[in-house]
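Enquirer: One predicted model, sequence on top.
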Amino acid sequence: MAKDGEEDKFSTSWENCKASSCIPEDEVVPLKYKKRSAKLKSCVSAHDLRCLDMEKESHDGTSPRGVIEACLSLARTDTDSSPDNNKESDIRRSNSRAHSNWSKFFSLWKRKPIKRLASFPPLAVPKISRRKSKSTRETPVLRDLFNFKSSLENFTLHQLQAATNNFSQDNVIGEGGYAKVYKGSLADGRLVAIKRLNKGTVDEITAGFLSELGIIAHVDHPNTAKLVGCCIEGEMHLVFQLSSLGSLGSILHGSKCKPDWSKRYKIALGTADGLTYLHEACQRRIIHRDIKADNILLTEDFEPQICDFGLAKWLPKQWTHHNVSKFEGTFGYFAPEYFMNGIVDEKTDVYAFGVLLLELVTGREALDNWKQSLVIWAKPLLDNNNIEELADPALGNDFDPEEMDRVVLTASLCIEHSPILRPRMSQVVILLRGDEYVAECAKDGPKRSLHRTYSEELLDVQEYNSTKYLNDLDRHREVALGG
Ligand SMILES: Nc1ncnc2c1ncn2[C@@H]1O[C@H](COP(=O)(O)OP(=O)(O)OP(=O)(O)O)[C@@H](O)[C@H]1O
């Protein structure tokens, strides 16, 4: 959760912002990708058929080739538009950089046998289906939550006091904007992290508690924090399974024993899996809104678990995005469209995930003590693919160069200024895992349709290469640098 007035965060209303507006999906621009009729196949050669399939695949956002081609063509479209002034040529440069990043991936895959480029099935849909009863879906109050997840425990204050030595200061393992987190040992021996929400006004605490509980109780993935139960006696408490290594932030930035490359790569992959689940495979689209190193917990074998759903938004399927009127989150991770227009959708999380990847590669904080933005520092190095300068000196040369290449290129794409040039999380997973994963997944199965987010559609409609974009970019940089 975010706290007003904290040094690395801020929370402010902004005047011209529509509060909680939404646009139905059918009002947005339809997809450009169209499939050729299967009838064509009857009068063409095997070679033609393969070409046709490849072309079809290239329009299919679920295939590796499609992932790359879709983004390449979007970058090309923007790059092709004629410039009238210097600012537009800057944008063209930025687009062609994105184009070249996608090209790097594309050429990598192009060299592989065509079989390995076959389409693969979408992520496994969780057992909890989207077809839950209407009432359950729309009234995420305590009663329903306990019905939904019968395993959730309702703790008494006495149980939590006993587990934490009466909330002793020695048991504090974390502190955020709204809560203190205590390590606890339950009577049956289970180790837990007890999040005691006691900062802010009663209204803020209640809203934060219900919001986090309402989302986390419906989330079930190996890479998300595990809620055990809650307690509303005295203060409001959320009880989680303890992640023994604490947060990635504390390990990466606050300890001398920094994780080696294989652990960092594992953390990148697991976090991408967890976020893909939230965006695309969960019963509803969940936008986390506060992806950062402090909100990635680590189990003893460095399995990452996304935590802190205090800001998360549950987007109804028919909503393309959410507009917020209050600026919350953590500075250094804000996507430009959120920062400028308050737009919240999947691509705002993708941007923050890109910053997280940069932290893993460089060992630097998203915003350092001098308020230097990691993104601004890393951009020129990313553009020149200068891995030597980018890589954390603590790693030395002890990293897998191919994995490092993939992570660096994925990070470049995720932090593209334009959401349209950023991959979706399922595409991120493909890019990060590389060929072996693609080959493993190259089985037939139903394909997920490529559906564009509101921020992508909006930028398409508004013309990506407008002066507004440049002003936004300048302002974003100014604030980031000025802090
Ligand atoms: N399950 C857990 N296991 C171990 N440590 C945890 C757990 N949950 C939280 N923590 C620790 O407590 C810190 C704060 O937790 P959390 O982010 O949920 O609180 P918050 O008040 O919402 O924070 P913020 O202001 O950053 O949003 C985490 O960064 C982590 O170090």
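Expert: Structure's in. What do you need? This is a predicted model, so every value here is computed, not measured.

Enquirer: all strands of the stretch 101-250 of the chain, in order?
Expert: 153-154, 172-175, 179-185, 191-197, 227-231, 236-241 (DSSP state E, counting those that start in this stretch).

Enquirer: Same list, the ones you listed, but as CSV with distance to Gly434, mean neighbour count and mean pLDDT please.
Expert: All C-beta atoms are positioned from the backbone trio N, CA, C, and that covers glycine. Listed next are these as CSV, based on distance: least, C-beta to C-beta, whole Å; neighbours: other C-beta atoms under 10 Å; pLDDT from 0 to 100:
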stretch, distance to Gly434, mean neighbour count, mean pLDDT
strand 153-154, 41, 13, 94
strand 172-175, 34, 15, 94
strand 179-185, 36, 22, 97
strand 191-197, 34, 22, 97
strand 227-231, 33, 22, 96
strand 236-241, 31, 23, 97
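
Enquirer: any chance of those strands in JSON lines, plus distance to the ligand?
Expert: Formatted as JSON lines, those follow (distance: least, C-beta to the nearest ligand atom, whole Å):
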{"stretch": "strand 153-154", "distance to the ligand": "15"}
{"stretch": "strand 172-175", "distance to the ligand": "2"}
{"stretch": "strand 179-185", "distance to the ligand": "4"}
{"stretch": "strand 191-197", "distance to the ligand": "3"}
{"stretch": "strand 227-231", "distance to the ligand": "9"}
{"stretch": "strand 236-241", "distance to the ligand": "4"}
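
Enquirer: Leaving out the residues flanking it, which one is nearest to Thr410?
Expert: Closest residue to Thr410 apart from its sequence neighbours, by C-beta to C-beta, 6 or more residues apart in numbering: Leu431 at 4.6 Å.

Enquirer: wait, the one you found sits on Val407?
Expert: No. The pair Leu431 / Val407 is not scored as a contact, 9.1 Å apart, by C-beta atoms under 8 Å.

Enquirer: Flag the shaky bits of the stretch 351-483 of the chain, pLDDT-wise.
Expert: 435-483 (pLDDT under 70).

Enquirer: now the stretch 101-250 of the chain
Expert: If you take pLDDT under 70 as the line, the stretch 101-250 of the chain has these spans: 101-150.

Enquirer: and with 80 instead?
Expert: 101-151 (pLDDT under 80).

Enquirer: what about the nearest residue to Pro222 once chain neighbours are set aside, distance to Leu269?
Expert: Distances taken as C-beta to C-beta, 6+ apart place Glu303 nearest to Pro222, at 6.8 Å, with adjacent residues excluded. Note on Glu303: its distance to Leu269, by C-beta to C-beta, to the nearest Å, is 10 Å.

Enquirer: so for stretch 329-340, what's the average pLDDT?
Expert: Stretch 329-340 shows a mean pLDDT of 87.

Enquirer: near the ligand at all, that stretch?
Expert: No. Contact between stretch 329-340 and the ligand is absent, the nearest approach being 7.1 Å (criterion: C-beta under 6 Å from any ligand atom).

Enquirer: Number the chain from 56, please
Expert: That works, and once the first residue is 56, the last one we named lands at stretch 384-395.

Enquirer: Would you mind naming what in the stretch 206-355 of the chain lies close to the ligand?
Expert: Taking C-beta under 6 Å from any ligand atom as the measure of proximity, the stretch 206-355 of the chain contacts the ligand at 228-229, 231-234, 236, 248, 250, 280, 295, 297-298, 301-302, 305, 345, 349-350, 352.

Enquirer: Get me the contact residues on the stretch 356-505 of the chain for the ligand.
Expert: Neighbours of the ligand within the stretch 356-505 of the chain, by C-beta under 6 Å from any ligand atom: 362-363, 365.

Enquirer: In terms of residue numbering, what are the domains of the protein?
Expert: 205-297, 298-504+517-537 (the TED database).

Enquirer: most tightly surrounded among those domains?
Expert: domain 298-504+517-537 (a mean of 20; mean count of other C-beta atoms under 10 Å).

Enquirer: so Asp400 makes contact with Asn378?
Expert: No. If you go by C-beta under 8 Å, Asp400 and Asn378 don't touch, sitting 10.0 Å apart.

Enquirer: Switch the strands of the stretch 156-305 of the chain over to a markdown table; also include distance to Glu444.
Expert: Below are those laid out as a markdown table (distance: least, C-beta to C-beta, whole Å):
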| stretch | distance to Glu444 |
| --- | --- |
| strand 208-209 | 50 |
| strand 227-230 | 33 |
| strand 234-240 | 36 |
| strand 246-252 | 37 |
| strand 282-286 | 41 |
| strand 291-296 | 38 |
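
Enquirer: Which one of those lies nearest to Arg479?
Expert: Nearest of the strands of the stretch 156-305 of the chain to Arg479, taken as C-beta to C-beta: strand 282-286 at 26.5 Å.

Enquirer: That closest one pairs with which strands, and in what direction?
Expert: strand 208-209 (parallel), strand 291-296 (antiparallel) (DSSP bridges).

Enquirer: Mind pulling up the pLDDT for the residue of the stretch 356-505 of the chain found nearest the ligand?
Expert: Across the stretch 356-505 of the chain, no residue is closer to the ligand than Asp363, which sits at 3.6 Å (C-beta to the nearest ligand atom). Confidence at Asp363, expressed as pLDDT, is 94.

Enquirer: what's the spacing between it and Phe394?
Expert: 20 Å.

Enquirer: Glu230 too?
Expert: Going from Glu230 to Phe394 by C-beta to C-beta gives 26 Å.

Enquirer: per-residue confidence at the residue nearest to Pro277?
Expert: 98.

Enquirer: which residues sit in contact with it?
Expert: 277-278, 321, 325 (C-beta atoms under 8 Å, 6 or more residues apart in numbering).

Enquirer: Among those residues, name the ones in helices.
Expert: 321, 325 (DSSP state H).

Enquirer: now the contacts of Glu358 as CSV including distance to Leu268?
Expert: Below are the contacts of Glu358 laid out as CSV (distance: C-beta to C-beta, whole Å):
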residue, distance to Leu268
Pro277, 21
Asn278, 20
Lys321, 29
Gly325, 24
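
Enquirer: May I ask which two of the contacts of Glu358 are separated the most?
Expert: Farthest pair in those (C-beta to C-beta) is Pro277 and Lys321. Separation: 12.2 Å.

Enquirer: Name the secondary structure element that contains Ala466.
Expert: Element membership of Ala466, judged by DSSP states H and E, is helix 456-469.

Enquirer: Check which helices and strands that helix sits against.
Expert: helix 141-165, helix 316-331, helix 401-417, helix 429-438, helix 442-445, helix 480-488 (3 or more C-beta pairs under 8 Å, 6 or more residues apart in numbering; DSSP states H and E).

Enquirer: Might one say that Val247 is in contact with Gly239?
Expert: Yes. Here Val247 reaches Gly239: they are 4.7 Å apart, a contact under C-beta under 8 Å.

Enquirer: what residues are shared contacts of those two?
Expert: With C-beta under 8 Å, 6+ apart as the test, Val247 and Gly239 both reach 218, 294, 297.
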